[in-house]
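Engineer: Structure, please.
(one chain, ligands or ions: 1)
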Amino acid sequence: MSATPDYLPQYGQFIGGQWVEGGSGKTIDLKNPATGEVLSRISAGNASDAKRAVDAAARAFPAWAASAPAQRQDIIYEIVRRLKARIGHYALMDTLNNGKPISEALNFDMPMAIEQFAIFSGAPWQLHGESLHSPGSIGIVHREPLGVVVQIIPWNVPMIMLASKIAPALAAGNTIVLKPSEIVCLSVLEFAREMADLLPPGVLNVVTGYGPDLGEALVTDSRVRKVGFTGSRPTARTLMRLAATNIIPQTMELGGKSANIVCEDADLDAAAEGAAMSTVLNKGEVCLAGSRLFVHERVRDEFLDKLTRILAAIRIGDPLSPDTQLGAQASSMQMEKVLGYLDAGPKEGARILCGGERARVPGLPQGLFVQPTLFVDVKNDMKIAQEEIFGPVTSVLTWKDEEEVVRMSNDSIYGLGGGLWTRDLSRAHRMACALETGTVWINRYYNFVGGMPIGGYKQSGFGREFAHEVLQHYTLTKSVVINMQEGPLGLFAAARPTSA
Ligand code: NAD
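Structural biologist: Predicted coordinates for the structure are as follows:
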């Protein structure tokens, strides 16, 4: 890991391969949520920056689209090499700016981000069409890039979001305008800085600023051919309305309130570990968190005893310390939102079994830390069981029979992740099939397998990422039909050859 953080005190907009000053002249502070310190300043972009970025991406598109697969592969694989070589640097950027424990940034975020580039480095070779034959004709289906794509990402796992968005889009020959979050984007800007010499100018443009100031200009520009978004439902609605202007496709990766179901025959130690990990990983700021924990009533007490013991021993502290297991919430707005739910739960009739308050860490008085918290006596219609809290907070519900727990699990506007703990194989498959959600982890939570699709059911969004099928979202097909027979069909008498 780098000993001294190496980043700039201020960043401009990365457009056309150059760092340029933002149109508004205004800046936004990037902060360290563990200390309150201002780390750097970013440009508060406006519509003029959006337009310049789309101009650059549109100029770069024809050559990038026509580039050889080998060239795109070389570039994407060089990104893998560079990220591996400076993994500590990028992990440090995310720890400083997002507040996530350094061990997570190093062992979870960065390997997953690097894996995305590795997976899609081979994709340029696989983007071929197909041919079909019919009597007298051959059909060729070409697969083509879309053009300029706009990608908008959130603040919770910036490097994973960057990688899962840009790797397939680049592989497919699109050019990109990427807008990271204005709260956490140090690692993304450092990525643009390091890769500037690698990608042809304009292929990847990074514009920063508040969403509404950039969003409309980006998404309604008639040269933009797609929006790939990860973030909240309200922003998704706005973007979908804007995308309707020029009728462009979208993929939406939104929030979750995933069910984590513990059956009476489960390995309770493994299940308690999984539930604890789901509560504290990235401070609970994970869209896939199993934040509704359904425990079979027969094992409830034993299971909760195990889980509370683990949570009580979680090391909350300086995200830079290698021992820390729970870091700082990413922003004061996010911490206040979480504390609001800690207040609302008891008012709705739930009880706090452990945690429940802001955590104070010696030496970090400004730190935005929250204790890992379990709510019990929760009903599925309470706000704490239905709304995404995005903090280290898990709501525990109990159940008696399988049909009931599947019904309760599916009684949510969301459907993104989920967990299931049982030793009964047929039950595991039966329940996994019945759950309305994009991912189900059986007997290990957050058990990511590289190359598998991730995406939502219901209001968790649509479109899949992280897997080969994302390439469908970044390409179009064109059908070309070649007639192999000579002469006219002879449909009209005047066209028939006259006999000699
Ligand atoms: P958000 O919607 O507030 O912001 C996401 C991005 O959209 C940011 O870059 C923001 O600046 C931008 N934005 C906001 N308003 C905009 C507008 N009018 N036009 C254009 N851009 C706009 O979400 P957030 O708070 O940053 O992220 C948290 C949310 O993201 C949670 O709901 C979480 O579940 C979700 N998330 C989902 C996944 C997934 O894969 N499904 C992954 C991570 C996070």
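
Engineer: Can you give me the domain boundaries for this structure?
Structural biologist: Following automatic domain parsing, the chain resolves into domains at 10-254+456-481, 259-442.

Engineer: tell me which element the residue of the stretch 51-200 of the chain at minimum distance from the ligand falls in.
Structural biologist: As assessed by C-beta to the nearest ligand atom, the ligand sits closest to Pro154 within the stretch 51-200 of the chain, at 3.1 Å. (C-beta placed from N, C-alpha, C; glycine too.) Using DSSP states H and E, Pro154 sits in no helix or strand.

Engineer: Just the pLDDT for the nearest residue to it once chain neighbours are set aside.
Structural biologist: For Pro154, ignoring the flanking residues on the chain, the nearest one in space by C-beta to C-beta, 6 or more residues apart in numbering is Gly231 at 4.6 Å. pLDDT for Gly231: 98.

Engineer: Identify the residues contacting Gly231.
Structural biologist: 152-154, 253-254 (C-beta atoms under 8 Å, 6 or more residues apart in numbering).

Engineer: could the residues you listed be laid out in JSON lines, adding neighbour count and pLDDT?
Structural biologist: Formatted as JSON lines, the contacts of Gly231 follow (neighbours: other C-beta atoms under 10 Å; pLDDT from 0 to 100):
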{"residue": "Ile152", "neighbour count": "24", "pLDDT": "98"}
{"residue": "Ile153", "neighbour count": "26", "pLDDT": "98"}
{"residue": "Pro154", "neighbour count": "22", "pLDDT": "98"}
{"residue": "Glu253", "neighbour count": "28", "pLDDT": "98"}
{"residue": "Leu254", "neighbour count": "25", "pLDDT": "98"}
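
Engineer: Go through stretch 24-35 and flag the buried ones.
Structural biologist: Across stretch 24-35, burial judged by 16 or more other C-beta atoms under 10 Å covers 27-28, 30-35.

Engineer: Any chance of TSV for the contacts of Gly231, columns distance to Asp381?
Structural biologist: Compiled in TSV, these are given as follows (distance: C-beta to C-beta, whole Å):
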residue	distance to Asp381
Ile152	32
Ile153	32
Pro154	27
Glu253	26
Leu254	21
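
Engineer: For Pro392, state which of the residues you listed is nearest.
Structural biologist: The nearest member of the contacts of Gly231 to Pro392, counting by C-beta to C-beta, is Pro154 at 17.7 Å.

Engineer: so the closest one makes contact with Met161?
Structural biologist: Yes. Using C-beta atoms under 8 Å, Pro154 is in contact with Met161, at 6.5 Å.

Engineer: if we can go back for a sec, against Ala236, how distant is the residue of the stretch 51-200 of the chain closest to the ligand?
Structural biologist: For Pro154, the distance to Ala236 equals 11 Å [C-beta to C-beta, to the nearest Å].

Engineer: what kind of secondary structure is Ile352 in?
Structural biologist: When classified by DSSP: H, G, I helix; E, B strand; the rest coil, Ile352 comes out as strand.

Engineer: Next up, the contacts around it.
Structural biologist: Here Ile352 is in contact with 342, 345-346, 373-375 (criterion: C-beta under 8 Å, 6+ apart).

Engineer: go with 10 Å
Structural biologist: Ile352 is in contact with 342, 345-346, 371, 373-377, 393, counting by C-beta atoms under 10 Å, 6 or more residues apart in numbering.

Engineer: Show me which pair in those residues is furthest apart.
Structural biologist: Most distant of those, by C-beta to C-beta, are Gln371 and Asp377, 18.6 Å apart.

Engineer: More neighbours: which of those two?
Structural biologist: The residue with more neighbours, out of Gln371 and Asp377, is Gln371; 21 against 17, by other C-beta atoms under 10 Å.

Engineer: could the buried residues of stretch 24-35 be laid out in TSV, adding distance to Arg358?
Structural biologist: Output for these, formatted as TSV (distance: C-beta to C-beta, whole Å):
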residue	distance to Arg358
Thr27	29
Ile28	25
Leu30	22
Lys31	17
Asn32	17
Pro33	13
Ala34	13
Thr35	16
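
Engineer: can you tell me which of the residues you listed lies nearest to Pro201?
Structural biologist: Thr27 (24.2 Å).

Engineer: near the ligand, which residues of this structure?
Structural biologist: Contact residues (C-beta under 6 Å from any ligand atom) of the chain with the ligand: 152-156, 179-182, 211-212, 215, 230-232, 235, 238-239, 253-256, 287, 388, 390, 416, 461.

Engineer: Any quick PyMOL command for the buried ones out of the residues you listed?
Structural biologist: In PyMOL, this line selects whichever of the residues of the chain next to the ligand come out buried by 16+ other C-beta under 10 Å:
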select buried, resi 152+153+154+155+156+179+180+181+182+211+215+230+231+232+235+238+239+253+254+255+256+287+388+390+416+461
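
Engineer: In strands, which of the residues of the chain next to the ligand appear?
Structural biologist: 152, 179, 230, 253, 461 (DSSP state E).

Engineer: Pull the contacting residues for the second one.
Structural biologist: Going back to what we said before, that points to Lys179. Contacts of Lys179 by C-beta under 10 Å, 6+ apart are 45, 49-50, 53, 150-153, 185, 188, 205-211, 214-215, 218, 229.

Engineer: which ones among the residues you listed are found in helices?
Structural biologist: Using DSSP state H, the subset of these located in helices is 49-50, 53, 188, 211, 214-215, 218.

Engineer: how about the host helix or strand of Gln334 as PDB, C-alpha atoms only?
Structural biologist: Assigned by DSSP H and E, Gln334 belongs to helix 332-347. Extracted C-alpha coordinates of helix 332-347, given in PDB (Å, rounded to 0.1, in the frame of the first residue of the first chain):
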ATOM      1  CA  SER A 332     -23.000  13.300   7.100                       C
ATOM      2  CA  MET A 333     -26.200  13.200   5.000                       C
ATOM      3  CA  GLN A 334     -26.000   9.400   4.900                       C
ATOM      4  CA  MET A 335     -25.200   9.200   8.600                       C
ATOM      5  CA  GLU A 336     -28.200  11.400   9.500                       C
ATOM      6  CA  LYS A 337     -30.400   9.300   7.300                       C
ATOM      7  CA  VAL A 338     -29.300   6.100   9.200                       C
ATOM      8  CA  LEU A 339     -29.700   7.700  12.600                       C
ATOM      9  CA  GLY A 340     -33.200   8.800  11.500                       C
ATOM     10  CA  TYR A 341     -34.100   5.100  11.000                       C
ATOM     11  CA  LEU A 342     -32.600   4.200  14.400                       C
ATOM     12  CA  ASP A 343     -35.000   6.800  15.900                       C
ATOM     13  CA  ALA A 344     -38.000   5.700  13.800                       C
ATOM     14  CA  GLY A 345     -37.700   2.000  14.500                       C
ATOM     15  CA  PRO A 346     -38.700   2.100  18.200                       C
ATOM     16  CA  LYS A 347     -41.500   4.500  17.400                       C
END
